[in-house]
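>>> here's a sequence, model it:
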Amino acid sequence: MRIVTHQPIFLPWPGFFAKALVADCIVLLDEVQFPRGRGWMNRNRLKSDSGELWLTVPVFKKGRGLQKIADVEILNENRWQKKHLKGIKQNYVHSTYFEKYYPKVEQIYQKSYKKLVELNFEFIKFFWDVLSIKIKLVLQSELDLSGKGTELLINICRQFDNAIYLAFPAIKNHVDVYMMIKSGIQVNFIHYVPPVYPQLWGDFIHNLSTLDMLLNCGEECTKIITKSTGLMDVSP
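All right, here's what the predicted structure looks like:
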C-alpha cells in the first residue's frame, strides 16, 4: 500500500491532492504540533484584482502554549466566515464554475465549528468529492501511534504492513529518509511541477488554494493535477 502524510491544512493547495492521487491512503497528521509562526494550517491564498487574496481563520493562541493541531480552537468572535465568503464571491463570481461550486463552499462556511481541524477536514472532504479521489482518508488521531518526526512516519508505515511511503523531495530537509529505508520502509519521491491553468486577474500566481483552480477549471482539475505529478525511486 502506498502511504502519504500531510498536515490537515486549510483550503489545501494542488500539491496536497497530487500526493493523494498517486497513493492508496493519506494519513492526516492532526496530533503533531500546531506551527507557532505563520503557516498554512489556518490560512491560504486565493486571487483578487490586486494580487493575492489571503483568507485567515482566527484561532486561539495566546496563553495556549504548544498545541496539537487537533486541539486548536477557532476564535469565533468576529465575522470571519462572512469576510471569507465576501472575498470569494467578489473575486470569483465571474469564474466559469462559480455557480456550480460556490453554494457548497458557502454551506461549509455557514456550519458551526469549534476546532480548526473540523473545518479543515470538511473542506478536504469537499475536495475529495469534487476531484473524485478514491483513496482512504485517515486521521492520525484514529491510529494508536507514538513517536515524532522520522519515528512517527516509520510507525505509520508499519501500521499499514510496512507500506511504501511517498513524499516530495523536500522532506529530506526534515526527515531522515535513510533511517526509514534502513528500517525496512520503501520510500519513493513524488515529482510535482505546479501546473499553470486559466486564472482570472492578470499574471498567473502559482500554488494558490485548489479552490482557485476549481472555480476556474471545474472537473478538469483532476487531470491538470495528475499531468503534473509522477514518482521517482529513492536509492539507498
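
>>> and the helix or strand bottoming out on mean pLDDT in the chain, which strands flank it?
Least confident helix or strand of the chain, by mean pLDDT, DSSP states H and E, is strand 229-233 with a mean of 85. Strand 229-233 has its sheet partners listed here by DSSP bridges as strand 187-192 (antiparallel).

>>> contacts made by the partner strand with the rest, please.
Residues outside strand 187-192 that contact it (C-beta atoms under 8 Å, 6 or more residues apart in numbering): 2, 4, 15, 18-19, 22, 164-169, 177, 180-181, 228-234. The way it works is simple: take the backbone N, C-alpha and C, and place the C-beta from them, glycine included.

>>> of those residues, buried ones?
2, 4, 15, 18-19, 22, 164-167, 177, 180, 228-229, 234 (16 or more other C-beta atoms under 10 Å).

>>> farthest pair in these?
Farthest apart among the buried ones among the contacts of strand 187-192 by C-beta to C-beta are Met180 and Ser228. That separation is 25.3 Å.

>>> all strands of this protein, in order?
2-6, 25-28, 43-48, 51-56, 136-139, 164-167, 187-192, 229-233 (DSSP state E).

>>> between the ones you listed, which one is nearest to Ala70?
strand 136-139 (8.1 Å).

>>> summarise which helices and strands that closest one is packed against.
Counting contacts by 3 or more C-beta pairs under 8 Å, 6 or more residues apart in numbering; DSSP states H and E, strand 136-139 packs against strand 25-28, helix 116-130.

>>> what do you get if the cut-off is 7 Å, keeping everything else the same?
strand 25-28 (3 or more C-beta pairs under 7 Å, 6 or more residues apart in numbering; DSSP states H and E).

>>> and the strand it packs on, what does it pack against?
strand 2-6, strand 136-139.

>>> partners of the last one in the sheet?
To tie it back to what came earlier, the one meant is strand 136-139. Strand 136-139 is paired, per DSSP bridges, with strand 25-28 (parallel).

>>> among the strands of the chain, which is nearest Asn91?
Closest among the strands of the chain, once you apply C-beta to C-beta, is strand 43-48, at 4.6 Å.

>>> send me that closest one as CSV with only the CA atoms.
C-alpha atoms of strand 43-48 as CSV (Å, rounded to 0.1, in the frame of the first residue of the first chain):
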residue,chain,number,x,y,z
ARG,A,43,-4.8,30.4,6.2
ASN,A,44,-4.3,30.2,2.4
ARG,A,45,-4.3,32.3,-0.7
LEU,A,46,-6.8,32.9,-3.5
LYS,A,47,-6.6,35.7,-6.1
SER,A,48,-8.0,39.2,-6.5
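
>>> what residues of it count as buried?
Going by 16+ other C-beta under 10 Å, strand 43-48 has these buried residues: Arg43, Asn44, Arg45, Leu46, Lys47.

>>> before we move on, what about stretch 61-78?
Gln67, Ile69, Ala70, Val72, Glu73, Ile74.

>>> ok, residues contacting that stretch?
7-8, 30-34, 41, 57-60, 113-117, 119, 141 (C-beta atoms under 7 Å, 6 or more residues apart in numbering).

>>> which residues of the protein score low on pLDDT?
233-236 (pLDDT under 70).
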